[in-house]
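1. Need a 3D model of the sequence below.
(chains A and B)
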Amino acid sequence: MYRGQNISNQVDWLTIGLYFIIVMLGWLNIFAAVYDESLNQNIFDLSLNSGKQLIWIVSSIVLIVLIMSLDYKFYDTFGFVVFGGVMLLLIFVLLFGREVAGSKSWFEIGSFRLQPSEFAKFATALAVAKFASLSGKRIEKLRTQLILGGIISIPPVLIILQGDTGTALVYSAFVLVLFREGMSPVPLILGTAVATIFILTLLVTNLYLYLGILTLTTILVLVFRKNLKRIAITLAGALILSGSILGVNFFISDVLKPHQQNRVKALINPEADPLGYGWNVTQSKIAIGSGGFYGKGFLEGTQTKFDFVPEQSTDFIFCTIGEEHGWLGSLVLIGLFLTLLLRVVFIAERQKWTFARVYGYSVACILFFHFAVNIGMTIGLFPVIGIPLPFFSYGGSSLWAFTILLFILIKLDSHRMQVLVR
Amino acid sequence: MNNGRKHIIQFIFIFTGLIFLIKLLFIQVFDSKYVQAADNNIIQKEVIYPYRGLIYDRNDKLIVFNEPMYEVMITKKNAFIADTVHFCSVFEISREQFIEKVTSMKKARGYSSVKPFPFFKQISQKEFAEIQDYMIDFPGFTIEARTTRKYANPILSNALGYVSEVTKEQLSRDSSNYYQQRDHIGQSGLESQYEEFLRGQRGVVFKIKNVRGIEKGSFKDGDLDTLSVPGKTLTSTIDIDLQEYGKILMEGKSGSIVAIEPASGEILSIVSGPSYDPNLLSGRKYSDNFELIASDTLNPLFNRPLMAQYRPGSIFKIAQAMIALQEGVININTRIPCNRNIIGCHGPHSNENLQGAITHSCNPYFHQVMRRVVNKNVLENTYDDTHIGLDKWRGHVLSFGFGKPLGIDLPNEKGGLIPSSGYYDRAYKGEKWKYSNIYSISIGEGENLVVPIQMANFAAIVANRGFYYTPHLIKSIGGSDPLPFYTEKKYTTIDPEHFEVAVEAMAEVIKSGTGQYRAKLQDIEVCGKTGTVQNDPMPDHSVFIAFAPKDNPKIAVAVYVEDAGQGARAAASIASLMIEKYLIGETKRPNIEQYVLNGKFL
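-> Below is the predicted model:
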């Protein structure tokens, strides 16, 4: 009976709607970010970022049609092949790529530039979903976890070799996916705790941190006093945390590169050097903060278009929203993203097929990571990590890659009725 | 369990979104500092400097005006000098000066690498024309137009003063907070006295700039911009032709000429010799020239008409005569023998009445007259009686405008000195003193000190028969009246009828007395009094006061020439020439003019 059904009845129009709304808002804001009143510019002008982005948007629609017309089983069947192919591209780019701003992560063909690391995200998501859905693979098993960990670590290693640490960090989002699939929460909790300690070490005297860990450990030991195993985990955790405090200084001064150290310092105290390493964060906050409740109005922003904010149409595109549309505009955009994220989680949850569900969660978590880090850095809650706001930031590679990422899920979802529980 | 994990993930998503919205609420809605910071980023405030007010003379001849001048500004961030040698040769500085300029600039107050900062100041139009074509070779250097003060004639310099950039000290002392760096301010003379009228009001233009400082239009369509308001035009009381003539007459001499219109107190001419060209203190070479002028041993910056305190000499006898009449100790017929044993005298006379005593400047007569004024025997004790008498006498003298600054509209006016009983108590350190100790003040010598402007004012008082308006240099501010203080009539303590004898005596001085040879004019009845002030071991100072015509006087003059001998020579000649020039327009006595220009008076 489902054979007769039209595919349009099965696709999730809400997600598609959200996608197009965010893409179009992004396009308008890219124009606003580069608009110069005195030049009487047109949003379709191909010499402007907004004109170029329109080409990327139109070509994305072509991609969508392609994705939707392929057989849904293709993504399952060729999951590893796609992954392998993209990994080869990542290696090629190391050999033949063009270096832009210190990162060797671009292929250049004429004036056309492509960043393969953007496409590694959906490829990795496919591979993880494929492996997790293989029969007999139980995620609780250490062996499965190790292999999955291996798959997830290949792209970031290659990307770090290219010199693009920001994009590599995105793969930490898969921890959340594995957590959903049944992996122990300990790595997640411990990871969060280490990150928290990392930040706290920079803000608070170490002695207080040790005292805090001691207090917390004592409480937990008392709570778990009848469960030896939990006490052991707690004590181990406390040791790791205490060790990480010692490690932070070493990490900051010996592992991080100078520009990365500065980004951490800028997060903690941008006012210490507002014209130097604090410039990006300071100016970004000024642009957003000056928007007020209602914003200055479309094309009325000054901080972004007068170049006070760096990378104003890519990584710092949120500044344009904050400045021109104020808190209300920010609320709308954050609301749209949250709706999309929750909708993707909803879609993932309604899949009976493990492959589709794991893939769905990968989409949600990758989008979430970008959303959280990108907006977080513009308002001074995260260190500056140069990753785009999905569907919104200027850039062909990222728009294409996120479009593919999302629409493979929509394609899989539209066939959810055809899939037997596996 | 996995259902629970779904909720955890949903919770993380929503929680993150909420944290963002709360943080945004704080920086966008609750904290206004970002709005301020954004404005600071983009708004560039440009000051529109006002035109300083012009100054005209009493006959509407322009004497002070503005001329365009340029400043070369550097915006360090954009500045690039490819060839330092070329740069130095264009701006005519040495390599060392260039390095010195750059290092001192970085330490200067208000310096910022992103804002234009003055690198060369006060570049004249001519210099600008020479460098203009080269400016393209020096990115980051821009030209800003300002104005500088110009003085039509290099005369009247001490009275006009000069204008320069406001100093650090002035900025910190400025309680009204009007002044900002790079503002111009009058530093002395009229430029300083009438600063608040002359300066006008700064305008301001708000412009939007991008991060590289490039202009992107006006802020809020110019709603906040204000126009600059030019300073008010001042009309001076000075007759610039008379002033110029006075300056020529004073060439090579030290001293001063002050001429006043008695009926109004308007200063027609105020000459200080030696003087300097005020244009030297305007423009780029200001500091070099200032040093040169200030180190001149003849002290051209010393404004003698207001600041030089001299003993008045015999001209003081006129005041003495009127005080004695007012006190009733003599009448016009009182005769006193010329007893030269008490005090020296000159000329053939022996027993004069009051008028004769003035005409012949009889010293024993006025010695005796003042004794009568001071010792009226109101107390038995001679010492105490002298105290009371002296202070009463002093009260009369002060009413002639002596002994304290008159309040002329120029800064740094000195008051001179008319000794009081307290002054002598201090001078004698508690020892007793009486008239015989202090009598030399009776003939204008001794401790008396007056400034030339007071002498001229005194001549004006006699011409007016008993009153004066405080001498002033500005008769109209922006078309309206002078400051109210200068339209108040001030009376002396002497009844008007007592002035007639003084006027008659002064007329007689010119007709038949010491002034007859060099101060007598053919068609104009001049009234005057010579003075020869002792100045051991140097030659005497030559002093002369006069007014003319006798009836309905138009001009009162005081001339003081240092080290020039008898008052009847240098001072009398100069004063009469000034009167002639003002009333007739030229002198009919070229021999006298030549005599003054030659300057050999001894």
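
2. Check the burial of the residue in the stretch 401-550 of chain B that chain A sits nearest to by counting its neighbours.
-> Residue nearest to chain A within the stretch 401-550 of chain B: B:Gly478 (41.0 Å; CB to the nearest CB). Yep, even glycine has a C-beta here, placed from its N, CA and C like the rest. Residues near B:Gly478, counting by other CB atoms under 10 Å in any protein chain shown, number 13.

3. Look at the nearest residue to it once chain neighbours are set aside and say how many residues are nearby.
-> Nearest non-adjacent residue to B:Gly478, counting by CB to CB, 6 or more residues apart in numbering or on different chains: B:Lys232, 3.4 Å away. Residues lying near B:Lys232 (other CB under 10 Å) number 19.

4. And for B:Phe601?
-> Counted with other CB under 10 Å, residues neighbouring B:Phe601 total 19.

5. and A:Leu46, that one's in a helix?
-> No: counting by DSSP: H, G, I helix; E, B strand; the rest coil, A:Leu46 is not part of a helix but coil.

6. quick one: pLDDT of it?
-> If you check A:Leu46, the pLDDT there is 85.

7. check contacts around the residue nearest to it when sequence neighbours are not counted.
-> Distances taken as CB to CB, 6+ apart put A:Lys52 closest to A:Leu46, at 6.5 Å, once the chain neighbours are dropped. Listed by CB atoms under 8 Å, 6 or more residues apart in numbering or on different chains, the contact set of A:Lys52 reads A:46, A:394, A:396.

8. count of neighbours near the residue of chain B found nearest chain A?
-> Across chain B, no residue is closer to chain A than B:Tyr34, which sits at 2.5 Å (CB to the nearest CB). Using other CB under 10 Å, B:Tyr34 is surrounded by 22 other residues.

9. so what's it up against?
-> Counted by CB under 8 Å, 6+ apart, B:Tyr34 has contacts A:285-286, A:288-290, B:27-28.

10. ok, and the most crowded of those?
-> Most surrounded of the contacts of B:Tyr34: other CB under 10 Å gives A:Ile288, at 32 neighbours.

11. dump the residue contacts of that one.
-> By CB under 8 Å, 6+ apart, the neighbours of A:Ile288 are A:318-319, A:322-323, A:330, A:378-379, B:24, B:27-28, B:34.

12. among these, which ones are buried?
-> For the contacts of A:Ile288, a burial check counting by 16 or more other CB atoms under 10 Å in any protein chain shown picks out A:318-319, A:322-323, A:330, A:378-379, B:24, B:27-28, B:34.

13. Show me which pair in these is furthest apart.
-> Pairwise distances across these peak at 14.6 Å for A:Phe318 and B:Tyr34 (criterion: CB to CB).

14. on that earlier part again, and the contacts of A:Ile288 as a markdown table, adding distance to B:Phe206 and pLDDT?
-> As requested, the contacts of A:Ile288 are exported to a markdown table (distance: CB to CB, whole Å; pLDDT from 0 to 100):
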| residue | distance to B:Phe206 | pLDDT |
| --- | --- | --- |
| A:Phe318 | 28 | 95 |
| A:Cys319 | 23 | 94 |
| A:Gly322 | 24 | 94 |
| A:Glu323 | 19 | 93 |
| A:Ser330 | 28 | 96 |
| A:Thr378 | 28 | 92 |
| A:Ile379 | 29 | 91 |
| B:Leu24 | 29 | 94 |
| B:Ile27 | 25 | 90 |
| B:Gln28 | 24 | 92 |
| B:Tyr34 | 19 | 88 |
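
15. Could you find the closest non-adjacent residue to the residue of chain B closest to chain A?
-> In space, B:Tyr34 is closest to A:Gly289, 2.5 Å off (CB to CB, 6+ apart).

16. before we move on, what about A:Ile379?
-> Using CB to CB, 6+ apart, the nearest residue to A:Ile379 is B:Lys23, at 5.3 Å.

17. Mind naming the longest strand for chain A?
-> If you go by DSSP state E, chain A has its longest strand at strand A:103-109.

18. Going by contacts, tell me the helices and strands next to the very next helix or strand once past that strand.
-> Downstream of strand A:103-109, the first helix or strand assigned by DSSP states H and E is strand A:112-114. Applying 3 or more CB pairs under 8 Å, 6 or more residues apart in numbering or on different chains; DSSP states H and E, we find strand A:112-114 packed against strand A:103-109, helix A:396-414.

19. and those, which is most packed in?
-> Among the helices and strands packed on strand A:112-114, ranked by average contacts under mean count of other CB atoms under 10 Å in any protein chain shown, first place goes to helix A:396-414 (a mean of 23).

20. Out of the contacts of A:Ile288, which is nearest to B:Ala319?
-> Closest to B:Ala319, out of all of the contacts of A:Ile288 and judged by CB to CB, is B:Tyr34, at 74.4 Å.

21. before we move on, which element is the closest one in?
-> Under the criterion of DSSP H and E, B:Tyr34 resides in helix B:33-42.

22. before we move on, the earlier item: got the buried ones among the contacts of A:Ile288 as JSON lines, with distance to A:Phe92 columns?
-> Output for those, formatted as JSON lines (distance: CB to CB, whole Å):
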{"residue": "A:Phe318", "distance to A:Phe92": "33"}
{"residue": "A:Cys319", "distance to A:Phe92": "35"}
{"residue": "A:Gly322", "distance to A:Phe92": "39"}
{"residue": "A:Glu323", "distance to A:Phe92": "40"}
{"residue": "A:Ser330", "distance to A:Phe92": "40"}
{"residue": "A:Thr378", "distance to A:Phe92": "33"}
{"residue": "A:Ile379", "distance to A:Phe92": "37"}
{"residue": "B:Leu24", "distance to A:Phe92": "41"}
{"residue": "B:Ile27", "distance to A:Phe92": "43"}
{"residue": "B:Gln28", "distance to A:Phe92": "45"}
{"residue": "B:Tyr34", "distance to A:Phe92": "45"}
